[in-house]
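A.B. asks: dropping the sequence and predicted coords here.
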Amino acid sequence: MDLVFPHTFVPWFRSVAPHIHAHRGKTFVVALSGELIAAGKLESFVQDLALMHAMGIKIVLAHGFRPQLEEQLRAKGQTSHFSHGMRITDPVALDCAQEAAGQLRYEIEAAFSLGLPNTPMAGAAISLISGNFITARPVGIVDGVDFMHTGLVRKIDAVAVRRAIDTGALVMLSPFGFSHTGEAFNLSMEDVATSAAIALQADKLVFVTEVRGILQSIVADPARAVALEARQYDPDEEVDQELALADAKRLLAALPNPTQPTDTAFYLQHAVKAAEGGVERVHIIPYRVDGALLMEVFTHDGVGTMIVDEKLESLREATPDDVGGILQLIEPFEQDGTLVKRSRTEIERDVAQYTVIEHDGVIFGCAALYPFPEAGTAEMAALTISPSVQGQGDGERILKRIEQRARAMGLSTLFVLTTRTMHWFIKRGFAPVDPNWLPEARKRSYKWDRRSQVLVKHLK
């Protein structure tokens, strides 16, 4: 064995462990686009799902079949017809959809049955269950267009799905549903996955898609979305790692209606619907990145975009009315030496620099952002979480918001000074540097006798 290997594997595994503990017993709905299967990535994707299942995550898998249906239609000399962003499913298209769904169901079940040695599936025994969990209704006639056998989800049998996943099985939902009269309807994978996540009140909904996520350039300039969407696969184009639900709704309202899955609004509309329906975390990640699902779930930064249901009154920028709450929160940490003491006058002067987490009128988390634009950096100071809620991820929520504020200012790095929490920051992408790295203006106020560690994170 390479002697260097333990020095890389052990720290990595330890950094992943908190995510494993946090997700054990949680329910994830994973929406798999048919494009992933057409690209020949099903086997590796199923192996990643098997790993997640082995870690105690309850999984509901919803699959799509757009390219497979198109192939069936071409083989029969038929063309697809769309209106209002939906497929018109005539009797021929319905037959093709049933054939495509049946073939994919066979391929997915076969992939979960593999048990080859020296693969993540070795020794795995996963029961895959599918059935009539979905009740559908017709889209009907819209603006004079008859959608025929195209349908929408009316109801998900959440009790039956929950019963199955609680026994350790993995539930697979195909994009087909039946009405109370037994009529079959072609559904969209996105509608099925979103409806299932809401019905189950899933902890996560993950769309594994053709796109990398929501591009930062589109968030900054929604009016140019159509032009910018062509740059989805440009490696120099960064995706927005996290969008608050309120920001996602504003972005969606500013975007043109989607006509194809690569349009930014296509998956975003379903993500917003799921978040409004009670799903706390919705992810949009690319299938082209090997291991994207594992990286999104088990690493801090992930690889795509996460839409978070953050209520405006819980995570926000501070106002002058918050000064008293901030003082009360940080005072115990100033007394034990964790934080440098700040006067009420200082906090009143700098209150606009603070981000706070507030619940029922009580502030239980805060941090301040002090920019040094001439050096392209900013300091995050006074990161504090009330002891009563520590360990629930609120420190990371504030860190994410501070990073977003720094990026919006065009800054390239974020730094902190700490005497006791160095390892927390290192696990979240910060690296220690010599205090002489500090901007000149900050170096002049650095207390050398306190010997605070300086840590820096490069903002992507």
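C.D. replies: Nice, I can see it. It should be emphasised that the depicted structure is a prediction, and the values quoted were computed from it without experimental measurement. Numbering: from 1, shown residues only.
A.B. asks: all helices of the stretch 251-400 of the chain, in order?
C.D. replies: With DSSP state H, counting those that start in this stretch, the ranges of helices along the stretch 251-400 of the chain come out as 264-276, 292-298, 323-335, 344-350, 394-408.
A.B. asks: mean neighbour count, those: which tops it?
C.D. replies: For the helices of the stretch 251-400 of the chain, average neighbour numbers computed from mean count of other CB atoms under 10 Å are highest in helix 264-276, which has a mean of 23. Backbone N, C-alpha and C define where each C-beta goes, glycine included.
A.B. asks: mind giving me the packing neighbours of it?
C.D. replies: On a contact count with 3 or more CB pairs under 8 Å, 6 or more residues apart in numbering; DSSP states H and E, helix 264-276 meets helix 189-200, strand 204-209, helix 245-254, strand 281-286, strand 305-308.
A.B. asks: who wins for proximity to A225 among those?
C.D. replies: For A225, the closest of the helices and strands packed on helix 264-276 is helix 245-254, at 8.1 Å, according to CB to CB.
A.B. asks: against which helices or strands is that closest one packed?
C.D. replies: When contacts are defined as 3+ CB pairs under 8 Å, 6+ apart, helix 245-254 packs onto helix 216-220, helix 264-276, strand 305-308.
A.B. asks: now it: how far from the chain's centre is it?
C.D. replies: How far helix 245-254 lies from its chain's middle: 16 Å, per CA atoms, centre = their mean, to the nearest Å.
A.B. asks: strand 281-286 and that helix, what's the angle between them?
C.D. replies: In this structure, helix 245-254 runs at an angle of 50 degrees to strand 281-286, with axes from the mean of the first three to the mean of the last three CA atoms, to 10 degrees as the basis.
A.B. asks: average pLDDT across helix 245-254?
C.D. replies: For helix 245-254, the per-residue pLDDT values average out at 92.
A.B. asks: on that earlier part again, a markdown table please, covering the helices of the stretch 251-400 of the chain and showing distance to V60 and mean pLDDT.
C.D. replies: Output for those, formatted as a markdown table (distance: least, CB to CB, whole Å; pLDDT from 0 to 100):
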| stretch | distance to V60 | mean pLDDT |
| --- | --- | --- |
| helix 264-276 | 13 | 94 |
| helix 292-298 | 14 | 91 |
| helix 323-335 | 39 | 90 |
| helix 344-350 | 46 | 92 |
| helix 394-408 | 26 | 92 |
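A.B. asks: to C366, which of these lies closest?
C.D. replies: helix 323-335 (5.3 Å).
A.B. asks: ok so, going back, need the helices and strands packed on helix 245-254 in TSV with distance to Q232, can you?
C.D. replies: Rendered in TSV, the data for the helices and strands packed on helix 245-254 read as follows (distance: least, CB to CB, whole Å):
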stretch	distance to Q232
helix 216-220	10
helix 264-276	9
strand 305-308	12
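A.B. asks: who's in contact with Y354?
C.D. replies: Taking CB atoms under 8 Å, 6 or more residues apart in numbering, we find Y354 in contact with 317-318, 322, 326, 347, 366-369, 382.
A.B. asks: err, A202, not the other one
C.D. replies: Under the criterion of CB under 8 Å, 6+ apart, the contact list for A202 reads 27-29, 60, 196, 279.
A.B. asks: ditto for T262
C.D. replies: Contacts for T262 (CB under 8 Å, 6+ apart) come out as 210-211, 229, 232.
A.B. asks: at 6 Å what do you get?
C.D. replies: Applying CB atoms under 6 Å, 6 or more residues apart in numbering to T262 gives the contacts 210-211.
A.B. asks: any idea how far I363 lies from S33?
C.D. replies: 42 Å (CB to CB, to the nearest Å).
A.B. asks: cool, I218 as well?
C.D. replies: Using CB to CB, I218 is found at 20 Å from S33.
A.B. asks: between the two, which one's more packed in?
C.D. replies: Taking neighbours as other CB atoms under 10 Å, I218 and S33 compare with I218 leading, 26 against 23.
A.B. asks: now do that one against A271, distance only.
C.D. replies: Applying CB to CB, one obtains 14 Å for the distance of I218 from A271.
A.B. asks: looking at the helices and strands packed on helix 245-254, which is closest to L173?
C.D. replies: helix 264-276 (14.4 Å).
A.B. asks: ok so, going back, looking at the helices and strands packed on helix 245-254, which is nearest to Q68?
C.D. replies: helix 264-276 (18.7 Å).
A.B. asks: run through who's touching the closest one.
C.D. replies: Contacts with helix 264-276, where a contact means CB under 6 Å, 6+ apart, come from 190, 194, 197, 205, 207, 209, 218, 225, 229, 245, 248-249, 252, 255, 258, 282, 284, 307, 309.
A.B. asks: could you rerun that using 7 Å?
C.D. replies: Contact with helix 264-276 is made by 190, 194, 197-198, 205, 207, 209, 211, 214, 218, 225, 229, 245, 248-249, 251-252, 255-258, 260, 282, 284, 307, 309, as judged by CB atoms under 7 Å, 6 or more residues apart in numbering.
A.B. asks: same check, this time on stretch 29-43
C.D. replies: Under the criterion CB under 7 Å, 6+ apart, residues 45, 49, 59-68, 104, 107-108, 111, 189-190, 193, 196-197, 200, 202, 205-210, 287 lie in contact with stretch 29-43.
A.B. asks: pairing partners for T305 in the sheet, please.
C.D. replies: On the basis of DSSP bridges, T305 is bridged to I284.
A.B. asks: from what I see, G395 and I385 are in contact.
C.D. replies: Yes: taking CB atoms under 7 Å as the contact criterion, G395 and I385 are neighbours in contact, 5.0 Å apart.
A.B. asks: deepest-packed of the helices and strands packed on helix 264-276, please.
C.D. replies: Burial of these is given as mean neighbour count (mean count of other CB under 10 Å); strand 204-209 ranks first at a mean of 27.
A.B. asks: paired strands for that one, with orientation please.
C.D. replies: strand 27-32 (parallel), strand 281-286 (parallel).
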